Each structure stands twice: as structure tokens, then as C-alpha cells.
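# need a structure here:
(one chain, ligands or ions: 1)
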Amino acid sequence: MTNSELFNLMEKKAFELAKDEGLALKLIKRRPRAGTVGTCTYDGIISILIPSSPTMEERVKIQEVGRTIAHELAHLRHQGHGLNFWTYSMLLCMKLSIKLGIHIMPEKVMVSE
Ligand SMILES: [Zn+2]
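Reported below is the predicted structural model:
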């Protein structure tokens, strides 16, 4: 599976997860160039950096994509980076892992409230 195919699957599963969770996800945009890994607007648009070549290094980054999707999805429920946000973000990361059949390590928690 190329990263692009894997991303298509991840996108599909992210929408499924958003639906399961009642999150108002409208669109996941792909950004081919570096910058921030992901952004999210509160009207349900997530923008994610997608590595395109399926090298080993890029494969590792695809997990980062999954983690970023979980992070940005969690912002559709919780603004800021408080404890509720991180707990929910971790839960979404695990749920996305199960849906994809790929283990995605949750992010390191940095509670800012
Ligand atoms: Zn955030």
C-alpha cells in the first residue's frame, strides 16, 4: 500500500470515527509541503501534511499523520490543550488504531491548563 492509499483509508476511517463520535468533521485537506503537521478549524476542516513517498522514513511519518488526525479531531470537541482535550485525543488515537488495524502511538501529553 502506498502512503497515498494508506491516507485514503485513514481519511475514510477518520470520517467514520468522527461520525461515531458525533464530531462535525467536514473536510480533511492534504498539504504536500512541510510546515505545521496539522491544523484544524472549529468549523470542521482539518489540514494534514501527507508524505508521498513510501520509504521507511515516510512510513514512520504516516503514524504521525494518524496521530495528528486524532489530535485535530479532538479539537472539534475540546478547544485548547487541557486535560479533557488530551484524554479525548488519546481515546480517538486508540479508536483510530483499531479502525485502521495499525498501532498508532498516542502523543506525549502536554497539558497546558
Ligand atoms: Zn492542538
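# okay, now the unreliable bits of this protein?
Low-confidence segments of the chain, defined by pLDDT under 70: 3, 31-37, 49-61, 113.
# tell me which element the residue nearest to Leu6 when sequence neighbours are not counted falls in.
Of all residues not flanking Leu6 in the chain, Ile62 sits nearest, at 5.7 Å (Cβ to Cβ, 6 or more residues apart in numbering). No exception for glycine: its C-beta is placed from N, CA and C like everyone else's. Ile62 belongs to helix 56-75 when elements are defined using DSSP states H and E.
# same deal with Phe15?
Using DSSP H and E, Phe15 falls within helix 3-21.
# circling back: quick one: the residue nearest to Leu6 from Ile48, how far?
11 Å (Cβ to Cβ, to the nearest Å).
# what about these two, which has more around it?
Between Ile62 and Ile48, counting by other Cβ atoms under 10 Å, Ile48 is the more crowded of the two (23 against 20).
# off-centre distance for the helix or strand containing the more buried one?
According to DSSP H and E, Ile48 maps onto strand 45-49. In this view, strand 45-49 has its centroid 8 Å away from the chain centroid, taken as Cα atoms, centre = their mean, to the nearest Å.
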